[in-house]
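> need coordinates for the below:
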Amino acid sequence: MRRVLAQGVKELAQFRRDRLTVALAFVLPLLTLLIFGYAIRLEAKNIPITIQDFDNTPLSRSYIERLYATNQFEPTPNGEDVGKAIDRGRATAGIIIPPNFSQQVMAGRGSSVQVLIDGTDVNNARVIQNSIQAVTRFFVQTSGLQTTPPRITPRTRIWFNPGRQESLYIVPGTCAVILWIYPSLLAAIAMVREKELGTIVQVYASSLSAVELLLGKALAYVLVGLCEAVAVVGLSMMLFGLRFAGDPTPFLLATPLFIAVATFFGLMIGTRASNQNAAVQAVATIGFLTAFLLSGFIYPLSNIPFPLSAVSNVVPARYYIPIIRDAFVRGTGWVGVWSHGFALVL
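The predicted structure follows:
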């Protein structure tokens, strides 16, 4: 045990002397947090939409105002041909209000409004379609145009995040990705550097065993990873307003375990890589892509097709992200995340 501690102290001393490694450990994670936290947005906003109003009555103008009142759409010059505006990329959607629109509606015969949507981005097209349909239903109800009351009226209440702040979803997941990538990257580089500089020969000549060498390095970079966790979570609280929503115990216990898993993953890569470039590429390819795409960070796990869905079962970030999101958003504690913690231990 003393030799493991001595090896860990030696690794920390080398870490402090290398300014580039210190920057990699603390500056890049914070930059990653800022980029991901502010750049990733899942909600579609400021969608350019063009409207041709051939009716030009108070009712049609009121309908147009209701569309823009959602703050989800932004107008393009009205009167421009809808088809040409979409073809040239100046609008993502277009609405054509026919002549006699107001007359037909007020007479109780109803009127159709043509909606054209650019389907290049399927998800965005679905959002636009649902938004326009919802606005139209709301306009009909609030304008007194609905002759009979709806038979079923849903009363919706959003739990855990009633303000629908995207940062409460994105930022905890970003912290998980950061705490997976950078500790593993540091450990992999440290292991490869021993071979590149030839200092691994001194280890072979000493009485230090391979297990003690790996445990010493792991101890050092787990401590570095914990410092990264404090810095990243602290900055998240200051900039994005994260607060513990309930019992933080699962998060506090799972974080050191998750960082330890990331560190040993990096050491495994480092023992196999022949140089630092290969180690960085391996961590970026295997570690980052799986943590980003197969962990539920952005895309729901239920959307991942087989066999990639089977691969996601061995991605540790898949089990840590629900724990950290529960700590800062849901607040259910052990009741909601005990299975993820158990899977992380395994």
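> now stretch 320-336: mean pLDDT?
For stretch 320-336, mean pLDDT rounds to 89.
> give me the buried positions along that stretch.
320-330, 333, 336 (16 or more other C-beta atoms under 10 Å). (Each C-beta comes from the backbone N, C-alpha and C, glycine too.)
> same question for stretch 124-137.
124-125, 127-128, 131-132, 135-136.
> of all the residues you listed, which comes closest to residue 168?
residue 127 (19.7 Å; C-beta to C-beta).
> pretty sure that closest one sits against residue 45.
No. The criterion here is C-beta atoms under 8 Å, and residue 127 misses it with residue 45 at 9.9 Å.
> contacts only, for residue 97.
Residues near residue 97 by C-beta atoms under 8 Å, 6 or more residues apart in numbering: 51-55, 60, 63-64, 113.
> repeat that with 10 Å
51-57, 59-61, 63-64, 111-114 (C-beta atoms under 10 Å, 6 or more residues apart in numbering).
> give the contact list for the residue sitting furthest away from the middle of the chain.
In the chain, the greatest distance from the average C-alpha position (C-alpha atoms, centre = their mean) is reached by residue 107, at 49.3 Å. The contact partners of residue 107, by C-beta under 10 Å, 6+ apart, come to residue 100.
> hang on, the earlier thing: any common contacting residues for residue 127 and residue 45?
residue 72.
> out of the contacts of residue 97, which end up buried?
Using 16+ other C-beta under 10 Å as the burial test, the contacts of residue 97 include 51-53, 55, 57, 59-60, 63-64, 111 as buried.
> least confident of those residues?
Out of those, that is residue 111, at 78.
> and the closest residue to that residue other than its chain neighbours, how far from residue 52?
Nearest residue to residue 111, sequence neighbours excluded (C-beta to C-beta, 6 or more residues apart in numbering): residue 104, at 4.0 Å. According to C-beta to C-beta, to the nearest Å, residue 104 stands 17 Å off from residue 52.
> okay, now residue 289: neighbour count?
For residue 289, the number of neighbouring residues by other C-beta atoms under 10 Å comes to 11.
> quick one: contacts of stretch 54-62?
The contact list for stretch 54-62 (C-beta under 10 Å, 6+ apart) reads 51, 53, 63, 96-106, 111, 113, 139, 142-143, 145.
> pull up the distance across it, start to finish.
Distance between the two ends of stretch 54-62: 14 Å, counting by C-alpha to C-alpha, to the nearest Å.
> run through this protein and note the low-pLDDT ranges.
By pLDDT under 70, the low-scoring segments of the chain are 78-80, 146-151, 153, 198-207.
> circling back: helices - which of the contacts of residue 97 land there?
Judged by DSSP state H, helices contain the following of these: 59-61, 63-64.
> show me where this structure has strands.
For the chain, applying DSSP state E gives strands covering 47-53, 73-75, 93-97, 114-117.
> partners of the longest one, with directions?
According to DSSP bridges, strand 47-53 forms sheet pairs with strand 73-75 (parallel), strand 93-97 (parallel).
> got the phi/psi numbers for residue 315?
phi -90, psi 110 (degrees, to the nearest 10).
> gap between it and residue 172?
Using C-beta to C-beta, residue 315 is found at 16 Å from residue 172.
> who has more neighbours out of these two?
Using other C-beta under 10 Å as the criterion, residue 315 and residue 172 rank with residue 172 on top: 25 against 22.
> list the contacts of the more buried one.
Residue 172 is in contact with 233, 236, 240, 242, 251, 297, 320-329, counting by C-beta under 10 Å, 6+ apart.
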